[in-house]
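In: Make a model of this:
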Amino acid sequence: MKPPYDITPKILKLIRAISEKIGEVNANYLTKQSPQLRKQNRIKTIHSSLKMEGNTLTIEQITALIENKRVIGPEKDVIEVLNAIKVYEKLHSYTFSSDKSFLKAHLELMNGLIESAGKYRKEGVGIVKGTIVEHIAPPFDSVPHLMKDLFEYLKDTDELTLLKSCVFHYEMEFIHPFLDGNGRMGRLWQTVILMSEYPVFEFLPFETLISKTQDDYYKSLALSDKVGNSTIFIEYMLGVIDKSLKNLLNYNNRVLKDTDRLEYFLNLGIKEFSRKEYMNIFKDLSSATASRDLKKGLEMNRLESVGNLNKTKYIVK
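Out: Prediction:
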């Protein structure tokens with residue numbers, strides 16, 4: 001049975017905006033990010049998602065762990081990060097519509113942290129904030145068939161992937177299928193679902209924005225619980241996705257300087273281009289700066305040029 005939610009004007013507006021931005025992302029080759037930018041975004045994703053669960057490691061410490069360096073920190077926090085690094089490095093190995101793949105991801109994410117890693121819970125759970133019980137999850141013996149139904153919903157080809165990813169995220173949090181790791185699994189699996197249609201989400205750290213708007217995240221979950229459908233949560237999550245895409249498209253928010261910018265461009269896979277085509281990728285770039293970048297590429301023997309003045313073409317070596 002299809003999980004309940006309403007299509008509101010806000011949802012329609014956000015879907016249109018996201019679709020337009022994804023088109024622009026594809027047109028600007030931003031799905032082929034440089035290795036450096038991919039690494040930075042993955043670190044942001046891991047840091048933000050685990051920070052919401054109380055992990056104390058910094059971005060610098062997570063970077064060190066990715067580079068196989070030793071860090072000093074709580075053992076549990078280090079294990080959480082090492083597990084997350086492994087999981088996010090193999091996102092393509094998970095099948096978004098498979099409950100077995102979902103359980104495997106939980107096993108790898110929570111390995112060494114809880115005894116029941118990779119298994120649905122066998123006891124009742126609730127979410128308590130202070131002295132208030134905010135949510136009582138469904139009985140544990142209902143979890144397997146509820147999750148099975150949810151994965152059947154993911155196979156609905158008539159449903160938009162953007163909507164399915166948000167609905168799954170909310171419904172999974174409502175079911176609370178695990179004793180621990182539900183929050184990070186909800187965010188991880190939404191990424192896996194989105195990636196099935198839009199490659200850009202492999203390296204788009206929307207978890208960073210969720211972390212920054214953590215109160216709104218939990219509030220939207222609680223309000224959806226009260227009304228009995230995921231509409232409010234869908235509006236929140238689509239807003240986060242839209243803003244994340246906007247940040248990606250905004251050159252000023254990309255960590256690219258001098259040779260980093262040139263390196264980014266060279267990793268796009270474009271073999272031959274003009275200065276104008278180079279500037280089309282970097283919207284705020286002046287012609288003088290573009291010329292300096294390309295001169296640098298020639299000096300580094302990464303490029304060769306043919307033609308003169310405005311008819312100059314650059315060929316990637």
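
In: make it CA atoms for all contacts and neighbour counts henceforth
Out: Will do.

In: Secondary structure element holding S165?
Out: helix 161-175 (DSSP states H and E).

In: again, but for K243
Out: helix 231-249.

In: so how far is that helix from its chain's centroid?
Out: Helix 231-249 sits 11 Å away from the centroid of its parent chain (Cα atoms, centre = their mean, to the nearest Å).

In: helices and strands around it, which ones?
Out: helix 9-27, helix 161-175, helix 206-212, helix 214-227 (3 or more Cα pairs under 8 Å, 6 or more residues apart in numbering; DSSP states H and E).

In: from the ones you listed, which stretch is densest packed?
Out: Counting by mean count of other Cα atoms under 10 Å, helix 161-175 has the highest mean neighbour count of the helices and strands packed on helix 231-249, with a mean of 22.

In: Mean confidence (pLDDT) on it, please.
Out: Rounded to a whole number, the mean pLDDT of helix 161-175 is 97.

In: Can you identify the element that follows that helix toward the C-terminus?
Out: That would be, after helix 161-175 and using DSSP H and E, helix 182-195.

In: If I take that following helix and helix 161-175, what angle do their directions form?
Out: 160 degrees (axes from the mean of the first three to the mean of the last three Cα atoms, to 10 degrees).

In: could you say what helices and strands helix 182-195 packs with?
Out: Judged by 3+ Cα pairs under 8 Å, 6+ apart, helix 182-195 is in contact with helix 35-51, helix 161-175.

In: Now do the first one: which elements does it pack against?
Out: On a contact count with 3+ Cα pairs under 8 Å, 6+ apart, helix 35-51 meets helix 59-66, helix 75-89, helix 182-195, helix 206-212.

In: Next: the shortest one.
Out: Helix 161-175 sits against helix 143-154, helix 182-195, helix 231-249, with contacts defined as 3+ Cα pairs under 8 Å, 6+ apart.

In: Please point out which parts of the helix or strand that comes right after the longest one sit buried.
Out: Yep, that's helix 231-249 we're talking about. Later in the chain than helix 231-249, the nearest helix or strand by DSSP H and E is helix 259-266. Across helix 259-266, burial judged by 16 or more other Cα atoms under 10 Å covers R261, L262, E263, Y264, F265, L266.

In: ok, and for stretch 288-295, which residues are buried?
Out: For stretch 288-295, by 16+ other Cα under 10 Å, it's A290, D293, L294.

In: tell me the pLDDT at the nearest residue in space to L262 that is not next to it in sequence?
Out: Closest residue to L262 apart from its sequence neighbours, by Cα to Cα, 6 or more residues apart in numbering: D293 at 6.4 Å. With respect to pLDDT, D293 scores 90.

In: D293 against E263, yeah?
Out: No: contact criterion Cα atoms under 8 Å: D293 and E263 do not qualify, at 9.9 Å.

In: any idea how the protein splits into domains?
Out: 9-252, 257-316 (automatic domain parsing).

In: In CSV: the ones you listed, plus distance to K2.
Out: Below are these laid out as CSV (distance: least, Cα to Cα, whole Å):
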stretch, distance to K2
domain 9-252, 6
domain 257-316, 40
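
In: Determine which of the helices and strands packed on helix 35-51 shows the lowest mean per-residue pLDDT.
Out: Among those, helix 206-212 scores lowest, at a mean of 90.

In: Touching it from outside, list them.
Out: If you take Cα atoms under 8 Å, 6 or more residues apart in numbering as the criterion, helix 206-212 is touched by K44, T45, S48, S49, K51, M52, R187, Y217, V240, I241, S244.

In: Kindly recompute the last result at 6 Å.
Out: For helix 206-212, the surrounding residues in contact (Cα atoms under 6 Å, 6 or more residues apart in numbering) are T45, S48, S49, S244.

In: Tell me how many other residues crowd the residue nearest to S286 when sequence neighbours are not counted.
Out: Leaving out its chain neighbours, the residue that sits closest to S286 by Cα to Cα, 6+ apart is M279, at 7.7 Å. By other Cα atoms under 10 Å, 16 other residues sit near M279.

In: M279 is in what secondary structure piece?
Out: Following DSSP H and E, one finds M279 within helix 275-281.

In: mind putting the helices and strands packed on helix 161-175 in JSON lines, mean neighbour count included?
Out: Shown next, in JSON lines, are these (neighbours: other Cα atoms under 10 Å):
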{"stretch": "helix 143-154", "mean neighbour count": "17"}
{"stretch": "helix 182-195", "mean neighbour count": "22"}
{"stretch": "helix 231-249", "mean neighbour count": "21"}
